[in-house]
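> Pasting the sequence and the predicted model now:
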Amino acid sequence: SVVAVVFVAMMGAGVAEESGLMTALIHKLVEVSPRWMLSFIIIFVGVLSSVATDAGYLILIPLGAAAFLSVKRNPLVGVAAAYGGVSAIFAINILITPLDAMLTEVTNEAIALAGGEPITIVSNFYFQVVMSIVLSIIAALITDRIVEPRVGAYVPDPGDDAPAADVVLDKAAQSRGMRFAGLAALAVILLVTLLTIFPGAPLRHPETGGIIGATPFMDSLLFIIMLVFLLAGIGYGYGAGTFKGSNDVIRGVTKTFAGLAGLVFMLLMISQFIAYFNYSNLPSVIAVTLAGWLEQANIGAIPLLVGFILVIMVLDIIIPGSLPKWAIFAPIFVPLFIRLGTAPQTVLAAYRVGDSPMNVITPLMVYLPFIITVMQRYRKDSGIGTVIAMMLPYTAIIAVAWIILFILWYVLGIPLGPGYPPAI
């Protein structure tokens, strides 16, 4: 079922990316940014870019360098800001993303091992929205107050001209495409509103009439979001001229699906491991045994959750991928915490905290060679050490700040999403 969710989730984002809609949105947001807000905007756009897998890394990081250079700031700092937003604050967003659907599905499979109730895709939504904004502000302060003073002013290598921006967009075509994309997205939103707003509407609960909770609307949310991106991408493609016919749309879908081959193969291997693991009944034995020990130790939920976050941070150095790591460890940790009285949505929120900050300093990050290549355009002696040295402040400060904010959220009992309190 996780594989099915992956393909549905990525279909719309893939077409939007292939049409050029993601590129245009990123360019537009950076263009309208005032100089004093440039760091925050680039970082926040980086957080938003997790909607489309590659767009943040392949588009925003070079664009961040060019944007900083255009206002006479060091382009290496622009790379650091973009990389920090894209990767150090990766597992959250103000939008519902394909990753949310995948993580939720894996979590529900782990919840089933403990006989609990499944959660929905919005179980961490409030937490994600607030953390996306707060951590973007923190990362912008790190950029402006720590990283930029350390890196210093930009001095081009002797004999080198400053590189120009890689992508040149036709402004008229871009504007027309954005208009078409907006109309397409609006049409989907209007249709969903009509199917939801009136009493007895098809997307309401047939008995209670509710919209939030175990309702057709919530069950269809992933499909609705996919449809918004799919039709907006098609609209942009035809408006901007990047799509000439239906074959171009199909190419966008097939290209996205082809890019998922490695993930599907990895999930196949992981699924075999999990199937045998579950067949052996080890998850239940481990969870019950650890739960007994921890209950006797009487440590408390907060230290356990912080310990879990720190374990995930360490594991992230050797397994940077969010989904593979969660697919391996959810069957152990989710039933364990449920037996200790911690809600599964809280465990998932804690996983999001531990999953991201280390991404920017692990040498196993798949996009690291590309980032080094971008930096070498501006400073030829840039290497892995340069990247890690620049990104260490982001990892350290974001990790500490995020853990503190998570603890405060839990202690105050603020719902993590609509109908999802942090405690059972």
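Cool, the structure landed. Numbers count the residues shown, from 1 in each chain.
> Could you report the separation of Gly419 from Pro324?
29 Å (C-beta to C-beta, to the nearest Å). C-betas here are computed from N, CA, C, even on glycine.
> Let me fix that, I meant to ask about Gly413.
32 Å.
> So which of those two has more stuff around it?
Pro324 (16 against 9; other C-beta atoms under 10 Å).
> and whichever strand or helix holds that one, what's its mean pLDDT?
Pro324 is part of helix 322-339, with elements assigned from DSSP states H and E. Averaged across helix 322-339, pLDDT comes to 86.
> so how far is that helix from its chain's centroid?
18 Å (C-alpha atoms, centre = their mean, to the nearest Å).
> What's the first helix or strand after that helix?
Criterion used, DSSP H and E; the element after helix 322-339 is helix 344-355.
> Output that next one as CSV, restricted to C-alpha atoms.
Output in CSV follows, covering the C-alpha atoms of helix 344-355 (Å, rounded to 0.1, in the frame of the first residue of the first chain):
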residue,chain,number,x,y,z
PRO,A,344,1.4,7.7,17.4
GLN,A,345,1.0,11.2,16.0
THR,A,346,3.4,12.4,18.7
VAL,A,347,5.9,9.7,17.7
LEU,A,348,5.6,10.7,14.1
ALA,A,349,6.1,14.4,15.0
ALA,A,350,9.2,13.4,17.1
TYR,A,351,10.5,11.5,14.0
ARG,A,352,10.2,14.6,11.9
VAL,A,353,12.3,16.5,14.5
GLY,A,354,15.1,14.0,14.4
ASP,A,355,15.0,13.3,10.6
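> The chain should start at 335 in everything you say after this.
Got it, the first residue is 335 from now on, which makes the last one we talked about helix 678-689.
> From the contact counts, what lies against it?
In terms of contacts (3 or more C-beta pairs under 8 Å, 6 or more residues apart in numbering; DSSP states H and E), helix 678-689 is packed against helix 432-447, helix 459-476, helix 635-652, helix 656-673, helix 718-746.
> Rebuild those as CSV, extending it with distance to Gly486.
Output for the helices and strands packed on helix 678-689, formatted as CSV (distance: least, C-beta to C-beta, whole Å):
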stretch, distance to Gly486
helix 432-447, 36
helix 459-476, 16
helix 635-652, 29
helix 656-673, 34
helix 718-746, 12
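> between the ones you listed, which gets nearest to Lys406?
helix 459-476 (18.3 Å; C-beta to C-beta).
> could you say what helices and strands the helix holding Pro658 packs with?
helix 432-447, helix 595-613, helix 616-631, helix 635-652, helix 678-689.
> quick one: that helix to helix 678-689, angle?
Helix 656-673 runs at 140 degrees relative to helix 678-689, counting by axes from the mean of the first three to the mean of the last three C-alpha atoms, to 10 degrees.
> Packed most tightly, which of the helices and strands packed on helix 656-673 would that be?
Greatest average neighbour count among the helices and strands packed on helix 656-673 goes to helix 678-689 (a mean of 26), per mean count of other C-beta atoms under 10 Å.
> So for that one, mean pLDDT?
96.
> Now tell me what touches it from outside.
424-426, 437-438, 441, 444-445, 450, 453, 457-458, 461-462, 639, 642-647, 650, 656, 659-660, 664, 667-668, 671-672, 736-737, 740, 743-744, 750-751, 754, 756-757 (C-beta atoms under 8 Å, 6 or more residues apart in numbering).
> gap between that helix and the chain center?
That offset, for helix 678-689, works out to 13 Å (C-alpha atoms, centre = their mean).
> What of stretch 376-385?
The answer for stretch 376-385 is 8 Å, by C-alpha atoms, centre = their mean.
> Also stretch 396-408?
24 Å.
> Buried residues, it. List them.
Using 16 or more other C-beta atoms under 10 Å as the test for burial, stretch 396-408 gives Pro396, Leu397, Gly398, Ala399, Ala400, Ala401, Phe402, Leu403, Ser404, Arg407, Asn408.
> Surely the fourth one touches Ala414?
No - Ala399 sits out of contact with Ala414 when judged by C-beta atoms under 8 Å, with a separation of 9.5 Å.
> Identify whichever of the helices and strands packed on helix 678-689 lies nearest to Gly593.
That would be helix 432-447 among these, by C-beta to C-beta, at 12.5 Å.
> Mean confidence (pLDDT) on the closest one, please.
Helix 432-447 comes out at a mean pLDDT of 90.
> Now for this protein, the helix or strand with the poorest mean pLDDT.
Within the chain, no helix or strand scores below helix 389, which has a mean of 62 by mean pLDDT, DSSP states H and E.
> Mind checking what helix or strand follows it in sequence?
Assigned by DSSP H and E, the successor of helix 389 is helix 395-404.
> Can you tell me which helices and strands that next one packs against?
When contacts are defined as 3+ C-beta pairs under 8 Å, 6+ apart, helix 395-404 sits against helix 355-365, helix 372-382, helix 409-417, helix 702-710.
> Make JSON lines out of these and add distance to Ala338 and mean neighbour count.
Output for those, formatted as JSON lines (distance: least, C-beta to C-beta, whole Å; neighbours: other C-beta atoms under 10 Å):
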{"stretch": "helix 355-365", "distance to Ala338": "24", "mean neighbour count": "21"}
{"stretch": "helix 372-382", "distance to Ala338": "25", "mean neighbour count": "26"}
{"stretch": "helix 409-417", "distance to Ala338": "32", "mean neighbour count": "30"}
{"stretch": "helix 702-710", "distance to Ala338": "30", "mean neighbour count": "18"}
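> Kindly reformat those helices as CSV containing distance to Thr530 and mean pLDDT.
Below are the helices and strands packed on helix 395-404 laid out as CSV (distance: least, C-beta to C-beta, whole Å; pLDDT from 0 to 100):
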stretch, distance to Thr530, mean pLDDT
helix 355-365, 25, 75
helix 372-382, 25, 92
helix 409-417, 37, 95
helix 702-710, 42, 86
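> Those: which one's closest to Asn632?
Using C-beta to C-beta, the helices and strands packed on helix 395-404 put helix 372-382 closest to Asn632, at 38.0 Å.
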